[in-house]
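**Q** Following is a predicted model, sequence given first.
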Amino acid sequence: MWRVKSLDAILATAKKKSLHRSLGPIQLTLLGVGAIIGTGIFVLTAAAAQKAGPGMMWSFVIAGAVCAIAALCYSELASMLPVSGSAYTYTYAVMGELLAWMVGWALILEYAVAASAVSVGWSGYFLGLIENALHFHWPDALRSGPAWSMNGFIPVADFGAGVVNIPAILVALTVTALLVRGTTESARVNAILVVIKVTALTAFVILTLPVIKTGNFSPFTPNGWFGPHGTTGMGVVGAAASIFFAYVGFDAVSTAAEETKNPQRNVPIGLIGSLGICTIFYLLVAAGAVGAIGAQPVLALDGSVVQPGSAAFQAACATAANADRLVCSNEALAHVLREINWPVVGNLLGLAANLALPSVILMMIYGQTRIFFVMARDGLLPQSLANIHPKWKTPYIVTIFTGVCVAIAAAFFPVGQLADISNSGTLFAFFMVAIAVMVLRVKDPNRPRPFKTPAVWIVAPVAMVGCAGLYFNLPLESMLVLPIWGALGLVVYFAYGYRKSHVGRGITDEVHELDPDAPPTGVPGVD
Ligand SMILES: NC(=[NH2+])NCCC[C@H](N)C(=O)O
């Protein structure tokens, strides 16, 4: 189970597709910005405010910094191993099959659950739009899933607040259908969506900054840095662990390393550039939202601090006094614009989110099928999962399976919890990547590295500490999902993958990216 897949075998697999080095620093930065901006800023701003209050501005800085450091490690491996499967493949080459399996298993959590989170985020903007622009009232029971609370370790659902999130199901299944039919996102569509997203955020900043009231910034950190005693995942650092979601996606830049001119110089510019631009945007948006309408958390009816999305939180938001608070909105940015008397621009921003978010869902479900595909190709999952549809040439079985799971999770869970769970998978994968970079420096010091992590012996350990630090500031329920999911993964591995693994059975599978059984490539941001 410590067997590794040799770097040369992996590279032989990838050899066939050697790409033209054409990207410069500016294109790379834009690619990153396009892949990063999404649900995080549009939707999770409200959850971050509930956790940290105006102090969420620090949360954006912390999460951005952890991402920047992790990104530097990720890029070294991405530039050495320009192949699909990302963190899973890197770990397979460096630390052996068992850990690779665990990373691949965690990536399932990351991608599929992120797709669910974005579906729920889309639903919030969709409902806001049809209600405000078309004055159509969607039935209450069908607009969100139940509110969850914990009774000891047993989750309890309260269906008073909602039963099932129908719009989220619809968007997840629609995107799945498109993927089954073989839709991929073209660079052109991606460029248009980048412009739409950036325009929407710019408009938000321009309209909110002039109406900022300094009084809205105090108290600045109502829940402190780590939340009041007895809570988990609250405070400025708790909000950073959630808002981390808003920065993920920069791997698009790392993945493009082999298409980049002078990667040693341009990849870090692209990474730090796109993360830097997003951080500045996010800070301006956060300042605008806080300053315009305030961002103080709501308290439970008994006066205690509450986790966003929980049953007690829903109850507090249902009171008339709290209904218009930022933290209670499912479409935070559109809501702010309506509150400051720009209803039409608010609706347009909602429309922009509705147009742009499905592409994030598409990339996530696509990325998920790609990971399943690579794992099946290595023999760790059943080959039949990778079966290709005769007419549409897509891996339809895994796509439909993934889409249905995504829709179910989206139907019944709130966006903040889903994002937290997805983050736990991402943080684990980044943590492993930081280790892998160092291990590979020792094991294989002379292999060419188109991009080298600067000061790796400082940067990689700091990345590990940063990822672990954010993970341990997730709410307890979300934190527990990763070990439980991991234990399940171990069972699956020893029951199946351990015996079936191609590397274990001595099969060197030279499946090329261009082989007919490989899924279509060409979605920016996933590989
Ligand atoms: N690989 C991921 N976990 N991506 C999900 C996050 C995508 C993006 N940053 C957003 O805020 O919508």
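**A** That came through, no problem. Residues are numbered from 1 along each chain as shown.
**Q** only C-alpha atoms for contact and neighbour calcs from this point on.
**A** Noted.
**Q** where does the stretch 1-150 of the chain dip in pLDDT?
**A** For the stretch 1-150 of the chain, the stretches flagged by pLDDT under 70 are 1-3, 7-20, 82-85.
**Q** for it, what spans make up the helices?
**A** 7-15, 25-36, 39-52, 56-80, 86-95, 97-134 (DSSP state H, counting those that start in this stretch).
**Q** hey, which of those is tucked in deepest?
**A** Highest mean neighbour count among these (mean count of other C-alpha atoms under 10 Å): helix 39-52, with a mean of 30.
**Q** For this protein, give me the ranges with low pLDDT.
**A** Answering for the chain: the residues below the bar, that is pLDDT under 70, span 1-3, 7-20, 82-85, 184-187, 255, 257-258, 497, 500, 502-527.
**Q** what residues does it put near the ligand?
**A** Residues of the chain lying near the ligand by C-alpha under 6 Å from any ligand atom: 36-40, 110-111, 114, 245-249.
**Q** Swap in 8 Å and give it another go.
**A** 35-42, 110-111, 114-115, 118, 245-249, 357, 360, 364, 419, 422-423, 426 (C-alpha under 8 Å from any ligand atom).
**Q** A411 contacts V164, correct?
**A** Yes: using C-alpha atoms under 8 Å, A411 makes contact with V164 at a distance of 5.2 Å.
**Q** Which neighbours do the two have in common?
**A** Listed as contacting both A411 and V164 by C-alpha atoms under 8 Å, 6 or more residues apart in numbering are S144, G145.
**Q** By proximity to the ligand, which residue of the stretch 251-400 of the chain wins?
**A** With C-alpha to the nearest ligand atom as the measure, V360 is the residue of the stretch 251-400 of the chain nearest to the ligand, at 6.3 Å.
**Q** Show me which of A411 and V164 is the more surrounded one.
**A** The residue with more neighbours, out of A411 and V164, is A411; 26 against 21, by other C-alpha atoms under 10 Å.
**Q** And for the helix or strand where L337 lies, what's in contact with it?
**A** Element membership for L337 (DSSP states H and E) is helix 332-339. Outside of helix 332-339, the residues within contact range by C-alpha under 8 Å, 6+ apart are 42-46, 125, 204, 207-208, 289, 292-293, 326, 329, 343-347, 349-350.
**Q** name the helices or strands packed onto the helix or strand just after that helix?
**A** Following helix 332-339 in sequence order, the next helix or strand is helix 343-377 (DSSP H and E). If you count contacts as 3 or more C-alpha pairs under 8 Å, 6 or more residues apart in numbering; DSSP states H and E, helix 343-377 packs onto helix 97-134, helix 166-180, helix 187-208, helix 332-339, helix 396-412.
**Q** Take these and write them to TSV, including distance to R447.
**A** Formatted as TSV, the helices and strands packed on helix 343-377 follow (distance: least, C-alpha to C-alpha, whole Å):
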stretch	distance to R447
helix 97-134	21
helix 166-180	37
helix 187-208	32
helix 332-339	47
helix 396-412	35
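**Q** who wins for proximity to C278 among those?
**A** Closest to C278 of those, according to C-alpha to C-alpha: helix 187-208, at 9.9 Å.
**Q** quick one, the closest one and helix 39-52 angle?
**A** Orientation check (axes from the mean of the first three to the mean of the last three C-alpha atoms, to 10 degrees): helix 187-208 against helix 39-52 gives 40 degrees.
**Q** ok, and what's touching helix 187-208?
**A** With C-alpha under 8 Å, 6+ apart as the test, helix 187-208 has contacts from 33-34, 37-38, 281, 284-285, 288-289, 291-292, 333, 337, 340, 348-349, 352-353, 355-356, 523-524.
**Q** Repeat the analysis, applying 7 Å as the threshold.
**A** Here helix 187-208 makes contact (C-alpha atoms under 7 Å, 6 or more residues apart in numbering) with G34, L284, V285, G288, A289, A292, L349, A352, A356.
**Q** now stretch 474-489
**A** Residues contacting stretch 474-489 (C-alpha under 7 Å, 6+ apart): M102, W105, T232, G233, G238, A241, Q417, D420, I421, S424, G425, Y471.
**Q** tell me the contacts of the fifth one?
**A** The reference is to G238. Taking C-alpha under 7 Å, 6+ apart, we find G238 in contact with K51, F226, N473, L474.
**Q** rerun at 6 Å
**A** Listed by C-alpha atoms under 6 Å, 6 or more residues apart in numbering, the contact partners of G238 are N473, L474.
**Q** does it sit in a helix, a strand or a coil?
**A** Assigned state for G238: helix (three-state reduction, DSSP: H, G, I helix; E, B strand; the rest coil).
**Q** Could you measure from it over to the ligand?
**A** 17 Å (C-alpha to the nearest ligand atom, to the nearest Å).
**Q** And for the third one?
**A** Relative to the ligand, T232 is positioned 22 Å away (C-alpha to the nearest ligand atom).
**Q** Excluding chain neighbours, what is closest to that residue?
**A** Spatial nearest neighbour of T232, excluding adjacent residues (C-alpha to C-alpha, 6 or more residues apart in numbering): P475 at 4.8 Å.
**Q** Now do the phi/psi pair for that neighbour.
**A** phi -60, psi 150 (degrees, to the nearest 10).
**Q** need the helices of the stretch 1-150 of the chain in CSV with distance to K213, can you?
**A** Shown next, in CSV, are the helices of the stretch 1-150 of the chain (distance: least, C-alpha to C-alpha, whole Å):
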stretch, distance to K213
helix 7-15, 55
helix 25-36, 29
helix 39-52, 17
helix 56-80, 16
helix 86-95, 44
helix 97-134, 26
